[in-house]
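Colleague: Here's my sequence, what's the structure:
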Amino acid sequence: MPSRPTRAVLGLLPPALLFALITWQVAVDGPLLRPDERLSRALVHPDRASELLADLGGIQVAVPVLVLVAGYAAWRGRAAGGARWWVPSLAALAVLLLVPLIVVPLKVWTDRPGTPAVPPATGYYPSGHTATAAVAYGAAALVLLPWLRTASARWLTLATSALLVLAVSFGLVRRGYHWPLDVVASWCLCAVLLGALRLLLERERQARERPRTAAGRPCQTGAPRPSTRTTRTSDPSASRPYRGARKPQDTP
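Modeller: Predicted coordinates:
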């Protein structure tokens, strides 16, 4: 049976493969785009509410949220005296920096036009707002989880993160800023990024707990410690002090 890290890595394959499939279809103008365009026409209804929801994925909103949460997690880790307390926060911010490094070249390469609801332009695939929201809110939840005391608080944090990403995704499609496949592709991409971040944070947590467990056990050595107690022998004279040679005595 595969180990837990191996299963976690294998779990990243489905979103990675789906992302590759969607990207290939967009690049070659494949048949998968026809139902995507029909679905977009059915969903697009620009209004103020959808625009506000889409704005939650902007860098002006999502990035400060992650920065604040990462700073809080780093402060808590340092205050607790943990080793390498800065790693989770730095890793979360590094994953967010990967988003434009991946998304921008894909936008240039695929050169996908926008929906009829936006001015004529290209470079809409994949959705940068969706990717920013998913990584920022998802990474914030991951670095915050170890500092939450109850299971209900952890579930609420994860649910809030997922709800924010879904709200941004709905707003982008509803407003017509992106095709549905642009958003789905960003989901897949961010599932891989956040999955890798989760693996790194899990390994870091295990590394921090391992020395603590070893320190709580008594020290064991190969050689037995010498005893300080006096051992009695079967020879009675061994327990008496030496008083010199015994003098011969006359027998009656």
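
Colleague: Verify the stated contact: residue 176 with residue 40.
Modeller: Yes: proximity of residue 176 to residue 40 meets the contact threshold set by Cβ atoms under 8 Å, at 7.4 Å. (Glycine included, C-beta is placed from N, CA and C.)

Colleague: Now list whatever residues contact both of the two.
Modeller: residue 115 (Cβ atoms under 8 Å, 6 or more residues apart in numbering).

Colleague: lowest confidence element among the helices and strands of the chain?
Modeller: Counting by mean pLDDT, DSSP states H and E, the chain has its least confident helix or strand at helix 4-11, which shows a mean of 76.

Colleague: Please name the nearest non-neighbouring residue to the most centrally placed residue in the chain.
Modeller: Nearest to the mean C-alpha position of the chain, by Cα atoms, centre = their mean, lies residue 198 at 2.4 Å. Of all residues beyond its chain neighbours, the one nearest residue 198 is residue 142 (5.9 Å), with distances taken as Cβ to Cβ, 6 or more residues apart in numbering.

Colleague: picking up where we left off before, and the residue nearest to the centre of the chain, what element?
Modeller: Element membership of residue 198 [criterion: DSSP states H and E] is helix 180-215.

Colleague: In this structure, where is pLDDT below threshold?
Modeller: Judged by pLDDT under 70, the chain has its weakly predicted residues at 1-5, 210-252.

Colleague: What ranges does it have for its helices?
Modeller: Across the chain, reading from the start of the chain, the helices by DSSP state H fall at 4-11, 13-28, 33-43, 48-55, 59-79, 87-110, 128-144, 151-175, 180-215.

Colleague: Point out the most buried one among the ones you listed.
Modeller: A comparison of those by mean neighbour count, using mean count of other Cβ atoms under 10 Å, puts helix 128-144 on top with a mean of 26.

Colleague: now the angle from that one to helix 180-215?
Modeller: Calculated by axes from the mean of the first three to the mean of the last three Cα atoms, to 10 degrees, helix 128-144 forms an angle of 20 degrees with helix 180-215.

Colleague: what's helix 128-144 packed up against?
Modeller: On a contact count with 3 or more Cβ pairs under 8 Å, 6 or more residues apart in numbering; DSSP states H and E, helix 128-144 meets helix 59-79, helix 87-110, helix 151-175, helix 180-215.

Colleague: Which parts of stretch 109-120 count as buried, going by neighbours?
Modeller: The neighbour-count check on stretch 109-120 (16 or more other Cβ atoms under 10 Å) flags 110, 112, 114, 115 as buried.

Colleague: Reformat the residues you listed as a markdown table; add distance to residue 46.
Modeller: As requested, the buried residues of stretch 109-120 are arranged in a markdown table below (distance: Cβ to Cβ, whole Å):
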| residue | distance to residue 46 |
| --- | --- |
| 110 | 24 |
| 112 | 20 |
| 114 | 13 |
| 115 | 10 |
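
Colleague: Just give me the closest of those to residue 160.
Modeller: Closest approach between the buried residues of stretch 109-120 and residue 160, by Cβ to Cβ: residue 115, at 28.8 Å.

Colleague: Can you give me every residue that contacts the closest one?
Modeller: The contact partners of residue 115, by Cβ under 8 Å, 6+ apart, come to 40, 44, 124, 176, 177, 178, 179.
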